[in-house]
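>>> need a structure here:
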Amino acid sequence: TVQPELLESGALAQLLISPQLQPLYNHLLSSTSSEIVLLEAATVVEPGSAETFGHVSSLLEDRGLLALGFLSQAGQLTLAPRRGRLFRFSFGDRLVVLNAS
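Next up, the predicted model:
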């Protein structure tokens with residue numbers, strides 16, 4: 001179940017913690033070609049590694065992407081997790097990201 005209020009509050013919290021992201025949010029959210037995509041986690045982090053959502057978010061921000069959450073290979077969807085939440089990535093796990101094409 002997608003809970004938009006959690007995404008909104010997560011985005012707001014992320015902006016408060018990292019105000020330098022404002023231009024990225026402005027670009028992504030004002031673009032008419034923005035889309036939510038699933039990205040293989042292995043293209044960003046090493047399978048088997050444990051990483052925080054904040055670290056993964058930073059890696060994606062360097063690529064101009066906005067991290068929204070994770071989809072495990074088992075089908076468990078996690079949206080707007082806390083930045084300090086630790087995830088252990090496996091082959092087949094995917095990242096839910098906002099991409100401005």
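
>>> any idea which residue sits dead centre in the chain?
Centroid-nearest residue in the chain, with CA atoms, centre = their mean: residue 67, separated by 1.5 Å.

>>> next up, phi/psi of it, please.
Backbone torsions for residue 67, taken as degrees, to the nearest 10, come to phi -70, psi 130.

>>> so what's it up against?
Contact analysis of residue 67 by CB atoms under 8 Å, 6 or more residues apart in numbering lists 53, 56, 57, 60, 61, 95, 96, 97. Where you see a C-beta, it was placed from the backbone N, CA and C, and this is true even at glycine.

>>> just the ones of those residues in helices?
Applying DSSP state H to the contacts of residue 67, the entries found in helices are 53, 56, 57, 60, 61.

>>> tell me which residues of stretch 53-62 come out buried.
Neighbour counts over stretch 53-62 (16 or more other CB atoms under 10 Å) mark 53, 54, 55, 56, 57, 59, 60, 61 as buried.

>>> in CSV: those, plus distance to residue 16 and pLDDT.
Listed next are the buried residues of stretch 53-62 as CSV, based on distance: CB to CB, whole Å; pLDDT from 0 to 100:
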residue, distance to residue 16, pLDDT
53, 16, 95
54, 13, 94
55, 18, 96
56, 19, 96
57, 14, 94
59, 21, 95
60, 19, 94
61, 15, 90
